[in-house]
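S.K.: what follows is a predicted protein model with its sequence.
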Amino acid sequence: MRRALIAIVFLSLLVIVSPVGAHANLLRSDPAASATLDSAPQTISLWFTEALEPNFSAITLLDGKGNPVSTPPSAVDPVDAKHMTLTPGALPDGVYTVSWRSISAADGHATSGSFAFAVGQVTGLAALAAPDTETIPTLSAPVRWLDILALALAVGSVAFAVCVTSAPYHEARMRRLMIFSWVLVGVSALIVLLYQATQATNASLLASLTSLPTLLINTRFGTLWIARLIVWVVMGVALLRRRHGIALVAGGIILLIHALYSHASASYDLIPAVASDWLHLAATALWVGGLAQFLNVLTLLPRYPQELVPLITRFSNYARLCVALLIVTGLYSAWLEIGSVAALIDSLYGRALIVKSILFAPLLLVAAVNLLLTPRGLRAGEAVWSKRLRGLIGVEIALTFGIFAAVAVMVSADPGRASLASRLPPPDHSYSNYQEVDDIHIHFDVVPGWVGQNQFIVTLLTEDGDPIDNASLIRVKFDNQSENVGRNEVRPVSVGNGEYKITGANLSVPGTWRARVTVQRPDKFDSLADFSLDMQNAPIPPGLDMSVPFTGRQWALLISGLALLAIGGFAGGRGRFTPFRGVGLLVTATLVAGLILLLGAVV
């Protein structure tokens, strides 16, 4: 009955959570960025890449001087939580800035941005540019590092007692670490709650305290945080009553709640992604927390030398399973969140993953030494290997601290796919044309060809195609053919080979523009050429909707699912584990996760 109840809790947590994204990035807007309108819009609408927390997401409208415009509060659509609107009311002619701030319903990350639009005949608008750099809040990575470390210590230290050794002479020392790490999980949960309050309100810690009831009761974060608190209490009671098996299951449920509030919940394949992420977290916790517990009991082993080699053997077998799971689930996660070499290199998430992988390689090497060489040296009676074992485990733990720091950055940053999409430049809309005037060919190019800043290139060639470099003056005058925005001009300068270049934001609003190029040469009459330009607003750098299927998803799920089934089947057959006891829990979870990924590939 108890096992059935545990299974129902696991499946319920996986099924009841609807798919949502990882960061609430702006997908599109109406009016569009840099749009010029004849009259004020009835509604300002923003669409985001995933659902928002209505109580902590808002739009603010600013006038041309940066002062807030009095409007009714913005609202998140109750039917489509990705849609947020603001009713601006009557607006006089001028430039207005839409400033928005959103809180993701997936993992609580705060995002913000702004863009301008104009009402009436005004100038000075520029196209919205993609951000040059990617940043994360200062405290985000430290807070998440502490949370991941606490969970790993708590779950892994209990798993060591359940799966590796329960010898009575270890119990008192192991219990101290288990209780300490359990308390640390509670402290880290409180810190996460307070930090989330500051992010949701964009205010100081003291000022954000009044928002805690709303945060806990009316947000997805609050629902999962309360669930985590309840399971944490159950885990503590189980530890006090020395029911380590129940405490381990409770720790696994806390890890599942953690996975449900992560990048994995952004995926189109919600249940397979969350199952894989949970298995990755569980394998990490069992390995790292197990290492800490192993180091903790090593001080007692000189009194029981006969236990050292069997203990190393049992832990190494248990750790090998964890490493295999980390590799398979890590590769699936990398495909899901990054998907390309460009996203790996050019995103904060990807660079953090590179650091994590670099640190993981020596960690595997140290683990291999402990698996292959340390038991052999101890069996040969070489006492030096006992000291080396402590040092090697210490190195492993130190490396995992660095790995957790990289993971904390990854959790705080946008997935590599989404980051790359949001920073892509607008597609090329360049204009290129030429005219034959008098005895010369006048070529005129505008790059990139969107409203805002452009490079203007005038190329002069003779009838025979030779460059003309002796022009004394070139002027390009711009006139908007549909709006009276005034005339402006630029004067390109020679860069050689018949080319004259200059950069300017002269094409300030959408519409049809006339560009009149005037060329003055010594002892020649002026040459004139008119070019017609159709200027449009550059599109908003798009946020990536992670809830749509990516190319190759079926192959990724199929290969990962088969690999997990192979690992689970091999470990189960070789070790003859009981499905719901000790290491058998992890083996069973591996087989279930493999089946979930396979079903995701075919359903």
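M.R.: Thanks, I have the structure now. Note that the structure is a prediction, hence the values are computed from the model and not measured.

S.K.: the helices in the stretch 51-200 of the chain, which residues?
M.R.: Using DSSP state H, counting those that start in this stretch, the helices of the stretch 51-200 of the chain run over residues 140-163, 168-201.

S.K.: for the stretch 351-500 of the chain, same thing?
M.R.: Taking DSSP H, counting those that start in this stretch as the criterion, the stretch 351-500 of the chain contains helices spanning 374-379, 384-412, 416-422.

S.K.: tell me the SS of the residue lying farthest from the centre of the chain?
M.R.: Most distant residue from the mean C-alpha position of the chain: Asp523, 62.9 Å away (Cα atoms, centre = their mean). What DSSP: H, G, I helix; E, B strand; the rest coil gives for Asp523 is coil.

S.K.: next one: phi and psi at it?
M.R.: As for Asp523, its main-chain torsions (degrees, to the nearest 10) stand at phi 60, psi 30.

S.K.: what about it, distance to Ser276?
M.R.: With distances taken as Cβ to Cβ, to the nearest Å, Asp523 is found 76 Å from Ser276. Every C-beta, even on glycine, is put in place using the N, C-alpha and C of the backbone.

S.K.: same thing with Thr201?
M.R.: Noted for Thr201: a distance of 33 Å to Ser276, by Cβ to Cβ.

S.K.: these two: which is more packed in?
M.R.: The neighbour count for Thr201 versus Ser276, taken as other Cβ atoms under 10 Å, is higher for Ser276 (31 against 22).

S.K.: in three-state terms, how would the more buried one be classified?
M.R.: What three-state DSSP gives for Ser276 is helix.

S.K.: list the contacts for it?
M.R.: Ala264, Thr329, Tyr332, Ser333, Ser560, Ala593, Leu597 (Cβ atoms under 8 Å, 6 or more residues apart in numbering).

S.K.: pick out whichever of these sits closest to Ala367.
M.R.: Closest approach to Ala367 among the contacts of Ser276 (Cβ to Cβ): Thr329, at 17.4 Å.

S.K.: that closest one: which element?
M.R.: Assigned by DSSP states H and E, Thr329 belongs to helix 308-337.

S.K.: show me where the stretch 501-603 of the chain has strands.
M.R.: For the stretch 501-603 of the chain, applying DSSP state E, counting those that start in this stretch gives strands covering 511-520, 527-535.

S.K.: convert stretch 182-190 to PDB, retaining C-alpha atoms only.
M.R.: This file holds the C-alpha atoms of stretch 182-190, laid out as PDB (Å, rounded to 0.1, in the frame of the first residue of the first chain):
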ATOM      1  CA  TRP A 182      18.200  18.000   6.100                       C
ATOM      2  CA  VAL A 183      18.300  21.300   8.100                       C
ATOM      3  CA  LEU A 184      20.300  22.800   5.400                       C
ATOM      4  CA  VAL A 185      17.600  21.900   2.800                       C
ATOM      5  CA  GLY A 186      15.100  23.800   5.000                       C
ATOM      6  CA  VAL A 187      17.400  26.800   5.300                       C
ATOM      7  CA  SER A 188      18.000  26.900   1.600                       C
ATOM      8  CA  ALA A 189      14.300  26.600   0.800                       C
ATOM      9  CA  LEU A 190      13.700  29.700   3.000                       C
END
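
S.K.: who's in contact with that stretch?
M.R.: 143, 146-147, 149-151, 153-154, 225, 228-229, 232, 235-236, 239, 254.

S.K.: repeat for stretch 93-102
M.R.: Stretch 93-102 has contacts (Cβ under 8 Å, 6+ apart) with 24, 26, 29, 44, 46, 48, 52-53, 57-64, 66, 69, 84, 86, 88, 110-122, 124-125, 202.

S.K.: how about a cut-off of 6 Å?
M.R.: Contact with stretch 93-102 is made by 24, 44, 46, 52, 57-62, 64, 111-112, 114-120, 122, as judged by Cβ atoms under 6 Å, 6 or more residues apart in numbering.

S.K.: buried ones among the residues you listed?
M.R.: The neighbour-count criterion (16 or more other Cβ atoms under 10 Å) marks 24, 44, 46, 52, 57-62, 111, 115-119, 122 among the contacts of stretch 93-102 as buried.
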